[in-house]
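J.: Sharing a model that was predicted from the sequence below.
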Amino acid sequence: MRREYRYSSRDGKIDRNLVDIKVQEAGIDGLAAGRFTLAPSTSGTFDDRSYFVAFATYKISRAALDLWACGQNVGDSVRHEPIY
């Protein structure tokens, strides 16, 4: 599995109280497994390949995790609008 962590970017500003988390199946097109701390994202990407992925946001001040998407990247997955 590949695990990515980065501070959230909301309305063009970095929010150090929120950490965006992405977990995905490694090995897809050479995607390396491991844990990665990355710079805040400034844009989204569209990926229509089928593989496991989960997205979450961790709110540091509340020690709360919002798992807002989990399952196959395309097709059946559990999703809701992010809380944070």
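T.: Great, that's in hand. This is a predicted model, so every value here is computed, not measured.
J.: pLDDT below threshold where in this structure?
T.: 42-45, 76-77 (pLDDT under 70).
J.: Let's see that with 80 instead.
T.: Residue ranges of the chain with pLDDT under 80: 41-49, 74-80, 82, 84.
J.: Packing partners of the host helix or strand of Ile14?
T.: Secondary structure assignment for Ile14, by DSSP states H and E: strand 13-24. Strand 13-24 sits against strand 2-10, strand 52-59, with contacts defined as 3 or more Cβ pairs under 8 Å, 6 or more residues apart in numbering; DSSP states H and E. Every C-beta, even on glycine, is put in place using the N, C-alpha and C of the backbone.
J.: what about stretch 27-47, how long is it end to end?
T.: The first and final residues of stretch 27-47 sit 15 Å from each other (Cα to Cα, to the nearest Å).
J.: from now on call the first residue 19
T.: Happy to do that; since the first residue is 19 now, the last one works out to stretch 45-65.
J.: Can you mark which positions in it are buried?
T.: Of the residues in stretch 45-65, those scored as buried under the neighbour-count criterion (16 or more other Cβ atoms under 10 Å) are Pro58.
J.: List of residues touching that stretch?
T.: Taking Cβ atoms under 8 Å, 6 or more residues apart in numbering as the criterion, the residues outside stretch 45-65 that touch it are 19-27, 30, 32, 38, 42-44, 67, 69, 91.
J.: coming back round to it: would CSV of the helices and strands packed on strand 31-42 with mean neighbour count be doable?
T.: Listed next are these as CSV, based on neighbours: other Cβ atoms under 10 Å:
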stretch, mean neighbour count
strand 20-28, 16
strand 70-77, 17
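J.: any idea how far Pro100 is from the residue nearest to the spatial centre of the chain?
T.: To find the centre residue of the chain, average its C-alpha atoms and take the closest one (Cα atoms, centre = their mean): that gives Lys40, at 2.7 Å. The span separating Lys40 from Pro100 equals 13 Å under the rule Cβ to Cβ, to the nearest Å.
J.: list residues touching both of the two?
T.: Common neighbours of Lys40 and Pro100 (criterion: Cβ under 8 Å, 6+ apart): Phe73.
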